[in-house]
Every structure is written in structure tokens, then in C-alpha cells.
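Peer 1: give me coordinates for this.
(4 chains)
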4 protein chains.
Amino acid sequence: MASKKWPRKNDAASIQARQEALGLDGEVTGIDLEPFATAQEMLTGAAVTPVSVVGPIELELGEYELREPDGEVIETGRSSDSVFVPLAHTEGGLSASMQRGALAVAESGGFRTYVLADRITRASCFVCASAAEAVALAAWIEGEVDAMRTWLEGLDDPSLSKFAQLREVKTHVLGPMCHVLWRWTTGDAVGANMMTRNSYVLNMGYVMEHAPVKPERSILEANMGGDKKPSFEYFQAGHGKTVVAEATLTDDAIRRVLRTSADDLLDLAWAGTHGAVASGMQSVAFTPASAIAAIFAATGQDLGMVGTSSMCHGTGRRVEGGLQVGLRLPGLEVATIGGGTTLPYARPWLEVLGCAGAGKVYRFAQIVAAATLALEISASAAMATAGSAEFFRAHHERGGLR
Amino acid sequence: MASKKWPRKNDAASIQARQEALGLDGEVTGIDLEPFATAQEMLTGAAVTPVSVVGPIELELGEYELREPDGEVIETGRSSDSVFVPLAHTEGGLSASMQRGALAVAESGGFRTYVLADRITRASCFVCASAAEAVALAAWIEGEVDAMRTWLEGLDDPSLSKFAQLREVKTHVLGPMCHVLWRWTTGDAVGANMMTRNSYVLNMGYVMEHAPVKPERSILEANMGGDKKPSFEYFQAGHGKTVVAEATLTDDAIRRVLRTSADDLLDLAWAGTHGAVASGMQSVAFTPASAIAAIFAATGQDLGMVGTSSMCHGTGRRVEGGLQVGLRLPGLEVATIGGGTTLPYARPWLEVLGCAGAGKVYRFAQIVAAATLALEISASAAMATAGSAEFFRAHHERGGLR
Amino acid sequence: MASKKWPRKNDAASIQARQEALGLDGEVTGIDLEPFATAQEMLTGAAVTPVSVVGPIELELGEYELREPDGEVIETGRSSDSVFVPLAHTEGGLSASMQRGALAVAESGGFRTYVLADRITRASCFVCASAAEAVALAAWIEGEVDAMRTWLEGLDDPSLSKFAQLREVKTHVLGPMCHVLWRWTTGDAVGANMMTRNSYVLNMGYVMEHAPVKPERSILEANMGGDKKPSFEYFQAGHGKTVVAEATLTDDAIRRVLRTSADDLLDLAWAGTHGAVASGMQSVAFTPASAIAAIFAATGQDLGMVGTSSMCHGTGRRVEGGLQVGLRLPGLEVATIGGGTTLPYARPWLEVLGCAGAGKVYRFAQIVAAATLALEISASAAMATAGSAEFFRAHHERGGLR
Amino acid sequence: MASKKWPRKNDAASIQARQEALGLDGEVTGIDLEPFATAQEMLTGAAVTPVSVVGPIELELGEYELREPDGEVIETGRSSDSVFVPLAHTEGGLSASMQRGALAVAESGGFRTYVLADRITRASCFVCASAAEAVALAAWIEGEVDAMRTWLEGLDDPSLSKFAQLREVKTHVLGPMCHVLWRWTTGDAVGANMMTRNSYVLNMGYVMEHAPVKPERSILEANMGGDKKPSFEYFQAGHGKTVVAEATLTDDAIRRVLRTSADDLLDLAWAGTHGAVASGMQSVAFTPASAIAAIFAATGQDLGMVGTSSMCHGTGRRVEGGLQVGLRLPGLEVATIGGGTTLPYARPWLEVLGCAGAGKVYRFAQIVAAATLALEISASAAMATAGSAEFFRAHHERGGLR
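Peer 2: Predicted coordinates:
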């Protein structure tokens, strides 16, 4: 069948036509697609991933609000909670490992989490006639941010989002190009679409109309951010929610629950950090993407953002009585409203987390960070343990490794 | 409920106990979990993602086999095919966009794809007493590869995999550390587990036993690879399948299907490539992760590998009559057997692709690469079009942007 | 002779004792060391590098001053000039090549240069008891910048520099670490020492004394900047002077002077940019370090900063009638006063440039950028030309390549 | 004076004409330029840098030769030596600091150094009609290396170098581009020119003539290496000489000579390594470029290679009785013959090192590595000490910091 003739609609007849054309029946066609009819085009069937639940994860987390007008994340309180975390995946051992990490931390006093920042960026670019004009444009744009904010508020274009607030702008001149990172907050949604629309109208309706010298070309997205692509810009400056998680493992929990020692974990961290540097890895961490992907798949997050949201920088050091471990997640692109979060199956899992709906996104980001650190801890411990000759012999002699 | 008491088994009673403890009912508990009972621990429910199917993608792809004993990927033939591609996601517009890219390429003569390499690595590390010993160990290991291969074949440990073939080793001495990248082929599976077990037995049973000077510590994974973490090592040297996809868009298809021009696309590529460099992005591409994640979610691939498998390097240049666009995907970690691929829901979608089971992995990798390029093309075209004042006015005046 | 007994002073007797101990005589001991007696310890002789002078480089450059109190670089005027550039090196062909590039640009209307920013940073780190304290410390530091500036001005410690002005601070929390980039301007000096001393007193006398919770440890420099080490932080955010240089080569100059074509140069740029990405290079450029090192060696700049000051991002595109080429140098660490610039031999070469002494550093930075671009242009042209079969045959048949 | 009229020759009259045109006299014109007449074009004067000598550096170093035909570096013996190191620079404190580091190591048993690899690369690129042709070309080139070597040996083109030996090739296909890293050894010279000429003749005379499908374009250097530009390719795979240096500092030497403790140094290393990661630095080190630049300037090395040769990866860990510190320098581009090394002033300083002339380059590379580590140790110790409140108060109260 030619590409042009492939039916594109999501009415029942088109869905069935596609299923029949592909000879599909059975389980993948057995789930009602009607609730998903507006979620994407050319619906044909379904994919199911089993979901485990681990927990409770014990954590002390912050409550936050955005300060106006600069959009700084301000902590307004802290509280403790026990949370169960849904994980959609098919990787044997992952759930059990996170559970073990959660237990070790629970016995050590729990996780502590902090939201440091909240921004989402659209990296536009204006191609000018010359570097001189690009330099002038950059200076002009930097001085117009307040005016742009006012202008946006005054538009009554229904396609624009009032949730997306322009917070600041960063320019980067490169030859005749003036790259511009529009930096937004978008409430409890990831906000990719809303800030894209708002950035677009800023580019076309404000910059291209009012700039002192009109650029030759306006490009909505020109990669200086890193949309769904890990970048140093994201790793350092952050994207989505920037979160820090920490736990102080007691020597006792390390020994009893994790079956290793603080020294062995530190030796592993030392070799692993230097290995990461030697391989040109931006993230210094163990297996954060396993945790992020599993929570994202259960809760309707954008799976295309697994790579960027999994950027991590982990640290560990010996402290009195144990090991202090921390994880900085600079770019958690998470939502509790919008996108896939409102669809069937996703929403109940967000409810298990106490994170469904508005006002929950900082809570959600912090739980994701804590759960990711739980897996880091346990996976690292397994690695550290495995290095001992006793462990190897015991397993090898009993009929091989598992 | 304390972490220790959370039921861990996957029998029906434990599953129900967890569901009840969380107050879960309705759709997420309505899917039979029995087929997933060995896929992960603490099963509690399910997540459903709607699947669209786009196509046909017209492509000319290669047939490959591994040359023994060096494991080079050798092309044994080429053929043409039309393929429909399942996409599990909830991102409006993604499927339609890939469809448009596929159409533009179909009208331009189709995709051409090539598999360049096939390796999966475990990055172990031996911590020695000194740099002198690490240097000596590295030299010894490099000379032992043939002997190690023979030794592995002679073991009859049932936990070891005969599919995982050690191909070569790369050492990297850093102070007293001898980092070692064991490089394997693993047939049609991603092979993470099998090469991990084999690497482990090599480390503990061969290196630690036979090295001229015994290392102080053996670490199974010390980050010099990049397991689920994008790294320059993966970006350049590859991981999983290294695939190149190419298409030559005709000026006509660019104009009629993509609604833009080769010049506009090249200007976008120019700004986007330099934007990527300016933001410290390893991948130079537009939105490969959206395509990779959607195919992975439909076909039971490991979603934790979305970030690494989405590393990409795209290029474009004007040729007689149109635009030649290419995409190098250095690290496609894909499988047609093992892991989630054999589970319900995943397998039918692999069958739609003609990629279920043994002997299909190079085909699958090439289709993924072509589909990813299809989305790149269409998304780039949308970006290029959006920059025109006519486009903006037309949409803005008709009640806002979409 | 044991290390402890090696004479350390710079009096004539100690110098002679070292010369005799090493059996040195002849040219390296024939230069009067007295003027260098305070420049470094254990003086023993001299090194001489021959200096060529190329030019004139025709350029239009900006005049700048710092806006108070934010330290933004403001352009106050522009003028044109012809400059001769001294190059200390022994690389045959380098001077001739830069001369050719300068000529091609002179015939095309000259260089245009712009200073975008001016900062030097000290990357300190405070290790706190926990992430909670590091987060609190970061918030506190960010709110104290004005108070710190006032406090510094009030100190009458003669070791502190009044030239070094604290402009802003950037914090980065990582586990219990609060990394802090103190960002300074330092007038016409590079200012490494002055901002180090001022940062140190800020760390020890302000932060450690007044922070709401006292950090466990203060570290003056903890690598989050990149002191003499190229880093993405420097590449993007800049260090020293951030300068953009541009020229628009006419097709005629490209053909007659550079012996190539705009198309060939663009093809080279395309392959070279993608090659740079593929090799994990931060700089996208051809051979900037050759130019930077040669100017630095002639003018008494810090040669340890050749790597960081050579970071570059070059771009090129076809424009009406020719080729527009640009170079962004994010981190030119140059001085016209202080350090080696005031020593014999360096100062006359700065005078040739019209850059000796106070008030000249932005002029100097712009000339360095233009000269670097001159070499880029000519070296690229040589590369582009060399690819032609005619060129190869002509040279090969006439007795081999040169 | 117009660029075209600037005299270009190096005869006495042209030199004097340039000096007069610039109004130059005095010291910069007082040094005889005749010995430099073939070193570069448009000679006009001289630059002088004072040279200190520090030492002795006590080290145990290896003797090496290249194994034929694969060019692996093989250790044939080890010996101990005491070496004095010349440093050309004007950075107060640098020489004294390296001296202190050397003393601390001498009292701890000396440095140990190892050469791991020796290669220099030219990164050419062949632009083909399509990815298909680029893939085919890459496969063909990889199979032709032995034939290429024989072909090169058979040429009697006097411009080619017999010292430059082709060792292996690495290809990287990217769209229609086939990037090729020609990897050479070049004896005791850096060999940039000789391998460039040989690579060029390979490209034009072998590949372009004999490839199964002729490429559209041959580019001699397309940035996939990193010529004078730091790159991940160089950082990991090496360039020039790859050297590891190590020392085990005793607790006593750390306390008495370095005035700090192993714990303080380890805390500094921990914060500094993580700071380097956070700033996107390829090198994890403290101030290697200061040492490299000073030795390069004294011994006639190419100062444009300071950035690449200063790439470093340092490590440290506690061992029984002290601290084991190591430094990997992946890309020391050093020579003992050719280029600036044979010129006046450079050669005597190479003689001080016992490194003048043929057969000395591995010795030289190892001494450079040891000296660089000496400075790293002392500079780190200064940083670690400075953090103490006692140190601050003592210095501050006695009239300010130094």
C-alpha cells in the first residue's frame, strides 16, 4: 500500500482498516483505543507494559513556589512522606534492586530532596546580515524582556499559553547568528508545546517586527538548548526541574541490607567517576535511566525525554557513621498535568504517588529523584559486592552465576 | 507499610495484596499479569500506550553476517522493502510527521541503510597496586584475548552464554586502574545480561586467577563504556548496532510534500549544527529520541536505552536535483529476541515489522534508522517552513497558531 | 645534587652557581637576566624565539568601556586601523600564511571585530555538612553579592586589588558541595592573581565568617571554571575577553589571493565541522592555537593559557559576491599591563601593535581575534586547494611535495 | 604600508627594512637573527623569555622501542635518574612550586613513568557520492593498509619521509563522508609535516587513483583528529606520546614539605574532580598547562600544541603510609629533533635534560610528565593548605595575603 493511501484518521473504521491491512488481531487490538483518539494519529493498537510497585520510599521533601517575577524556586516548607513508586518495565531485577535501595535508605533515616530550579527553554536563532547586526540584535533582545512579557500578556491569541511565563533570555552570538534561549516556566506541565507556541509568536510577532534591524531569518529551534538531546547546556544550566537528592547510609544498613561496605562503595565511586571522565560521559552515575524510564512509562511522561531527564551527577563521601550519597538531576522534564499524564492508565499511577493534577509537579520531581537514587545505591552495592572472590566462588560453585 | 513488609512475590495473592494496599482498581488492574510474571518483580498492574502505525517506509536495506573470528559485519546482499512502523507514544503530531517524512522519501526513491558495526561492551576495571602493575596487566590482557575466548568456550557453566562472543578488548590505564572494555557480539539479543555474566566470569575466573600480578580489586562495570548513559566513547566507537541511513530528497518532494526548499533546509542545518556545538551536544540531530522511544515502547526494547540509542549525527548537502540527507546512529541497542521482545504486545508489533525472532536484528536496526530519519526530515521541514512570514501570518490571522 | 641544595635565589652568584652546576655557557647564558629577577625563581638563562611581523591587518574595531555596576561591555565607538602583528614561533609557513589571509581580507574590505564580554572567574567550592546546607549556602551567597562588593571596598588590605571588581556569582550545588564561580573584571590585566587574592579573602573572611551555617571546608579553586584547562563552561560562557571577528571575502580575493573558491571553502567547512563533532572537539576551527601562541609568545602573555585562549567557534556561509567568515573566541585571556607584558622584549612588540599599557586591552583582544581569523582563512584555503588533482600533479611531478 | 608591499624575505636588508618601518630598535633587534633565517618568514626581531632550572627531579623511567610492524611501544628496560628541568616563563611562583613538588616526591622515593603509546594522526576525509560509496571506501581502505605501506616505501619522492611509518587506519563514515585517521609513528620528531606529506600522497596518489569508486573530493585534514585543538579523540586515544607518571607521597613528605595532609589533598581531589565534570572539562587536573608551556618554551617545542599536550587525567588515592598520585598525559606532542629543537637556545636546554637529538624522545616525554606531576602536587597542596582558617589568619593579620 502506498504511503499516500494509508488511512490517517482515528475513527473506528480507519483503525479497523489499518488493523486489517496489517493482519493484526489478538491482544494488541483488544484494548479500547477510544480514550486515546486525540493523543496521536493513525491509532492501530496498544502496547502494554507490566507495572511493579516498590516502596515505601521514605523521604523528606520540600514544598516550593515560584517567586514573581523572576521565577526563582522558593522553598515554603518541608515535610516527610512514605511513597510507593510504580515502575513500568520488563528488566528483571530492577524493581527488586530499587526496593533494596529504598530499604537501606529507610533504615538510615530516609531521603532528603530539594528543587533548585525550574525552567524550560526554546533555543531559537536569528540569522542576521552580519556579526554587527547579530551583536546589536542580542543587545536589543536582552533589554526587551520586560516589554516582551507585557506584550505577550496583552495578546488574546487563544493558541498562546498563559501558563508559560517568560523568565529571562540568554543570547549567544556566533558569526551572523544570534542564538536565543527563551527561558520559561510552565506550571505543572512539561510545557514543550506551550512554550514553543509562545516562543514562536515572540520570534515572528515581536522580534521580526520590532528589532532595530530585521534579521534575515528566524528559526524556532536551532539546537542551542538540547530538546530531547543531552547537552552540556542542559547538564549544567538545567532543564525542566533541577533536583538534588541525598541520603546518609549508615554503616549498619550498608552491611546488612546492601551487603557491602562504605569503603567498597567509595572505591567503586572512585573508579566509576574516573571511568566516566575517560569515556567522555556527561553523566557521572550508574544506571539512572533505568529508573527514570520505568517511572516515565508508568506515569505518562514523554519517553523521548528519557535521555535528557536521566542526566545525573552523583557524589559520595564518608561521613561519621556511614556514607553520604547525593544525586543532582539537572533536567527532570516531568509533568503532573497535560500530555500523556491525563490518559487512562497513567493517571492512576500518578495517584498512587500522590502526584495527579495541578500543584504536584515539584513533589513528583523529588520522588523521581529519590527513587533514582535508591536504584543507584542498590546497583552500586551489587557491583561492589560482586568484586569479592567469596561472592564469585559461592555463586560459581553453586552451578553458575545468576 | 514498612519497606520490609511490602509483599515481593508475583503470585496472584501477592499481586492482589499490593493492589489492595494501594487502593488500585479499574483499568490498570484489568489486564492479565500472568504472562509478565517472570519479567519483573512486585507486579501490580499495567500501563497501556496507544500504538499508531505509519508507513509504508520504502527502503533498500542490507543483509549482514558476522565474519569469524573478528566479528566484522559483512554485507551479503541488499534488497528493497516496504515497511509499516508501529509507534507507541502520546505525542500529538509525531506519527503524522513521520508519515510525511516517509512519503517525501518514498517519492524520492526511498531510504538506503547500512550496518557498519555490531558490538556491546562491558567496561570493567582492575585496580592494581600501582601504575606499573596496571600497565603490565593491560599488556597481558591484550595478549590473552584468544586464550580467553578458548577458555570461555571450554566452560560448561550453564549460566554463561554461548551467544556472547568476545571479539576484542580495549584497555585504558589511569593511575593504578586498568580499565578494560570487553567487546562482544550477542546475536539478535541486546545481550546486556549475557555479556555481563561472561565478562564477570572472565574477570573473576580468568584475570583475577591468571594475571601475572593479581589486581587488588575487580570491578565489573566502571563507567568507561556508558551503559545507558550517552558518552563520547559510544558516540564515536559505537554500541549495539552502528547504522547509517540516507535518502536523497528531490526538489519536487521537498516542495510538494515538505512545503519547503532545499536551501531553507540547509540554512536550518547550518544554524542547528552550530547551535549543537555551542550547547555542548554530542548528537547533532533534531528529534531522534522521539522516534526511537516510540518504536522501542511498541516493540519491547529497553526504554532505559532510549538516551544512548538516540545518539545521532545527521548531515545534509545539496546534490544535483535535491538534498542528500544522512543519519549515523552509532549505538542502536535493539533486539528481536530476549528481554521484552518476547512478551505479549511487543511481539505482534515486531511481526508487523517483519522483525520477530532470530536473524532479524540487522533488519530491525535498519528500519529504526530509516524511521528516525523520516521523522528528522519532516520535523526539520516544519521548522524551516515556520520561519516564513507568510506561514506565520496565515496561521496567526486564522485564529492563532496550532 | 639534592633538590634541597639547589640554590634558589636570583642574585648573580646563585645564577652563576646554577649555570656552572649544569655546565651551561654560550648563548643561553649570554643574555642579561637582571631585568627578569622578579619574574620567576631560580633564573638560570634565557630562551630566544625569533619574531616575524606580518601585516598590515586592516580592521574596523570597537572601543569599549565597562558599564557600572554590572560590568557589561558597552561599545562607545568604532574606528578603522592598519596593524602589524608580531609572531614569535619557529613554524615555517605560519607567518606567510597569516600574511596571505590578511591580504585577502584587506582586498575584501577588512576585518570587523566586536568585544561581547569581559570576565575572569575563580571557581571556589564550599564543602558543607549536607546538601541542605549547600542549598542554603548557595541561596545566601547569591543574595550577598552587593554586600560582598561593599565589604571588599572597605578593606584596606594592601594585598587586595582595587582593580578586580566582583560582578556576579554563579552557584552550583552538587551533593554537599556548593561550587561558586566568582566572576570579576580586572581592567587591562588578565588579573589571575588579583582576583585570586580577592576571591580568597571573600571565601575566608566573608563566607566562612558570615554564612548562616559554616561550611566544613573552603576550597579556593575546585575546577568548575577551567583555569588553563579548556572546558565547556569557558567555551560557552567565556573567560577573559569574548570576541567575535568577521570578514566578507570577495570571490575575487578568494580566487586571486587564496587560489580557491567559495564553494571549495564551504565544502571544507562542512566536512571539518562534522569531523570536529565526530571527534568530540569543543572548538570548531582550523588552527587557531598557532596564531594565538605566536602572538602570546611575542607579547609576554601567559603561555599556559594558549589552550583556553585558543578555544574557537568558526562559521562560514555564502553571501552575495563572496563568503562571510566569522570566528567567536570566547576566552581570550590577554593583557596589556602586568605579568610578562611589562618585561623587556614583550613591551616593544605590544608597542608595535599600539597596545602597550593601560586602556588597550580591548584593542589588543580584537587584533588577536582578527589575526587568528587571518590564519584560519589562509590555512583553510591551502587545505581546499590541495584537494585538487591539478595541484597534486603539478607539485608531485616537479620533484615532490613541499 | 599595504600588505602587498610588506617585504617578505629574510635577507639582512629586508629584516632591517621591516625594523625601520616599525621604528624598532633596542633589545628586540639586538639578537642575531641569522640562525633563524629558515625557521620562519618575515623575521624582524626576537622575543626573550627567562629560563629557570628546577630539580633535581628523581625518577625511574622506562626505555622503549617500537615493535615492527605494528608500532606498539615496548619497554626494554628501566633505569633511575636525577634530572634538572628548564622552565621558560614569567609566572612568579611556578618554578618554586614545581621545585617543592619535586622535593616532596624525591623524599618519597621518586617518580615512576611509563610510555603507553606513540602515534600521530592526520585526519583526512573523502567526500563520496553517497553513503553507499563511503561505506565501500572505508572497507576498502581498511583492507589496503599493508599495500599502502609497501607503496609508500617504493616511492622515491624526496619530499616524503621515511621516518613516518603508517601503522594503522581508522575510518568513520558519516553520510557521504569517509573520514580517515591515518595513524603514524615519526621517530624522535613530532612529525606533523612529514606525516602530512605522506598522508597527502596517500590520499592523492593512492586512494584517489586506486579506490574502487573514486571519491568526489579528498580533504587532507578535516578535524576528526584534533590538530592543536583538544578533542575527546585525543584525550582518550592519544596523540604524540601517551605517558603515565606516578608517585607515592609519604605522609611525612606531605606534612613537612607540602604542609598539608593526605586527607586534605583527597578532599581537594574529590571536589576538583566533580567540579571538572560539572564544568565540562575534558582534563581532570590542576594546572598542567603551566608546566607544559614552560618546558615547551625552553626546549623549542611547538607552542601551538600547549593545549593538546596539556590534556591530562589525574588520580589520587590513599595507600598504606601515604598518597598515591598519578597523571595520564594522553597527547604529549614532543620532539628531540626537528622543528624548533635544533635552533640556538633550545638545544642547550634539551642537553640539560639529557634529551638532545635522536633516540631521546621517550626519555623527554617521561621527564615532561614527571615535571608536570611535580607541579600538580605542589599546586594542589597550596590549595589544600589555603583552606585552613589558621593559614588565612596568619597571613591576613601579617599585612595581607601574598
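Peer 1: how about the nearest residue to residue A:301, chain neighbours excluded?
Peer 2: residue A:334 (5.9 Å; C-beta to C-beta, 6 or more residues apart in numbering or on different chains). Quick note: C-beta positions are derived from backbone N, CA and C, even for glycine.
Peer 1: hang on, the one you found is in a helix, isn't it?
Peer 2: No - per DSSP: H, G, I helix; E, B strand; the rest coil, residue A:334 lies outside any helix segment and is coil.
Peer 1: burial measure for it, as a count.
Peer 2: Residue A:334 has 30 neighbours, counted by other C-beta atoms under 10 Å in any protein chain shown.
Peer 1: is it in contact with residue A:310, as I believe?
Peer 2: No - assessed by C-beta atoms under 8 Å, residue A:334 is found out of contact with residue A:310, at 11.9 Å.
Peer 1: OK, contacts around residue A:362?
Peer 2: Going by C-beta atoms under 8 Å, 6 or more residues apart in numbering or on different chains, residue A:362 touches A:62-64, A:73, A:115, A:118, A:241.
Peer 1: what strand or helix carries residue A:268?
Peer 2: In this assignment (DSSP states H and E), residue A:268 forms part of helix A:262-278.
Peer 1: elements contacting the next helix or strand after that helix?
Peer 2: Later in the chain than helix A:262-278, the nearest helix or strand by DSSP H and E is helix A:288-299. In terms of contacts (3 or more C-beta pairs under 8 Å, 6 or more residues apart in numbering or on different chains; DSSP states H and E), helix A:288-299 is packed against strand A:43-66, strand A:73-88, helix A:94-106, helix A:306-309, helix A:346-352, helix A:361-386, strand B:43-66, helix B:306-309.
Peer 1: select, out of the ones you listed, the one closest to residue D:93.
Peer 2: Smallest distance to residue D:93 across those (C-beta to C-beta): 40.9 Å, for helix A:361-386.
Peer 1: what's the angle from that closest one to helix A:262-278?
Peer 2: Relative orientation of helix A:361-386 versus helix A:262-278 (axes from the mean of the first three to the mean of the last three C-alpha atoms, to 10 degrees): 110 degrees.
Peer 1: now find how far off-centre helix A:361-386 is within its chain.
Peer 2: 14 Å (C-alpha atoms, centre = their mean, to the nearest Å).
Peer 1: then stretch A:99-114?
Peer 2: Put simply, stretch A:99-114 sits 21 Å off its chain's centre (C-alpha atoms, centre = their mean).
Peer 1: quick revisit: please pick the buried ones from the contacts of residue A:362.
Peer 2: Taking 16 or more other C-beta atoms under 10 Å in any protein chain shown as the criterion, what is buried in these is A:62, A:64, A:73, A:115, A:118, A:241.
Peer 1: the second one - nearest residue in space that isn't next to it in sequence?
Peer 2: Closest residue to residue A:64 in three dimensions, ignoring its sequence neighbours and counting by C-beta to C-beta, 6+ apart: residue A:362, at 4.6 Å.
Peer 1: how much space between the one you found and chain D?
Peer 2: According to C-beta to the nearest C-beta, to the nearest Å, residue A:362 stands 23 Å off from chain D.
Peer 1: please apply the same query to residue A:48.
Peer 2: From residue A:48 across to chain D, the span is 37 Å (C-beta to the nearest C-beta).
Peer 1: you'd agree that residue is up against residue A:31?
Peer 2: Yes - shown here, residue A:48 and residue A:31 form a contact pair, counting by C-beta under 8 Å, at 7.4 Å.
Peer 1: what separates the residue nearest to residue A:301 from residue A:4, distance-wise?
Peer 2: For residue A:334, the distance to residue A:4 (C-beta to C-beta, to the nearest Å) stands at 38 Å.
Peer 1: now residue A:332
Peer 2: Counting by C-beta to C-beta, the gap from residue A:332 to residue A:4 is 41 Å.
Peer 1: more neighbours, these two?
Peer 2: residue A:332 (30 against 11).
Peer 1: where's the closest residue to residue A:212 other than its chain neighbours relative to residue A:214, distance?
Peer 2: Residue nearest to residue A:212 in three dimensions, not counting chain neighbours: residue A:140, with 5.7 Å by C-beta to C-beta, 6+ apart. Going from residue A:140 to residue A:214 by C-beta to C-beta gives 12 Å.
Peer 1: ok, residue A:274 next?
Peer 2: 51 Å.
Peer 1: now mean pLDDT too, for the helices and strands packed on helix A:288-299, in CSV please.
Peer 2: Below are these laid out as CSV (pLDDT from 0 to 100):
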stretch, mean pLDDT
strand A:43-66, 97
strand A:73-88, 98
helix A:94-106, 97
helix A:306-309, 98
helix A:346-352, 97
helix A:361-386, 95
strand B:43-66, 97
helix B:306-309, 98
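Peer 1: turn these into CSV, columns for distance to residue C:124.
Peer 2: Below are these laid out as CSV (distance: least, C-beta to C-beta, whole Å):
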stretch, distance to residue C:124
strand A:43-66, 26
strand A:73-88, 23
helix A:94-106, 31
helix A:306-309, 29
helix A:346-352, 41
helix A:361-386, 26
strand B:43-66, 46
helix B:306-309, 32
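Peer 1: quick one: which of these is nearest residue C:386?
Peer 2: Using C-beta to C-beta, the nearest of the helices and strands packed on helix A:288-299 to residue C:386 is strand B:43-66, at 34.2 Å.
Peer 1: the closest one pairs with which strands, parallel or anti?
Peer 2: Using DSSP bridges, strand B:43-66 pairs in its sheet with strand A:43-66 (antiparallel), strand B:73-88 (antiparallel), strand B:111-127 (parallel).
Peer 1: just want the angle from the first one to helix A:288-299.
Peer 2: For the pair strand A:43-66 and helix A:288-299, the angle between their directions (the same axes, to 10 degrees) equals 110 degrees.
Peer 1: buried residues, strand A:43-66. List them.
Peer 2: For strand A:43-66, the neighbour count (16+ other C-beta under 10 Å) marks A:43-62, A:64, A:66 as buried.
Peer 1: OK, contacts around the residue in the stretch 301-402 of chain A that chain D sits nearest to?
Peer 2: The stretch 301-402 of chain A approaches chain D most closely through residue A:315 (5.9 Å), counting by C-beta to the nearest C-beta. Counting by C-beta under 8 Å, 6+ apart, residue A:315 makes contact with A:269, A:325-328, C:174-177, D:270, D:274.
Peer 1: of the residues you listed, list those near chain B.
Peer 2: Near chain B, judged by C-beta under 8 Å from any C-beta of the partner chain, there are no entries from the contacts of residue A:315.
Peer 1: from the residues you listed, which two are the most distant?
Peer 2: Taking C-beta to C-beta as the measure, the contacts of residue A:315 span a maximum distance of 15.8 Å, between A:327 and D:270.
Peer 1: give me the more crowded residue out of those two.
Peer 2: residue A:327 (30 against 24).
Peer 1: surely that one meets residue A:244?
Peer 2: Yes - counting by C-beta under 8 Å, residue A:327 touches residue A:244, with 7.1 Å between them.
Peer 1: between these two, which contacts overlap?
Peer 2: Applying C-beta under 8 Å, 6+ apart, one finds that residue A:327 and residue A:244 are jointly contacted by residue A:369.
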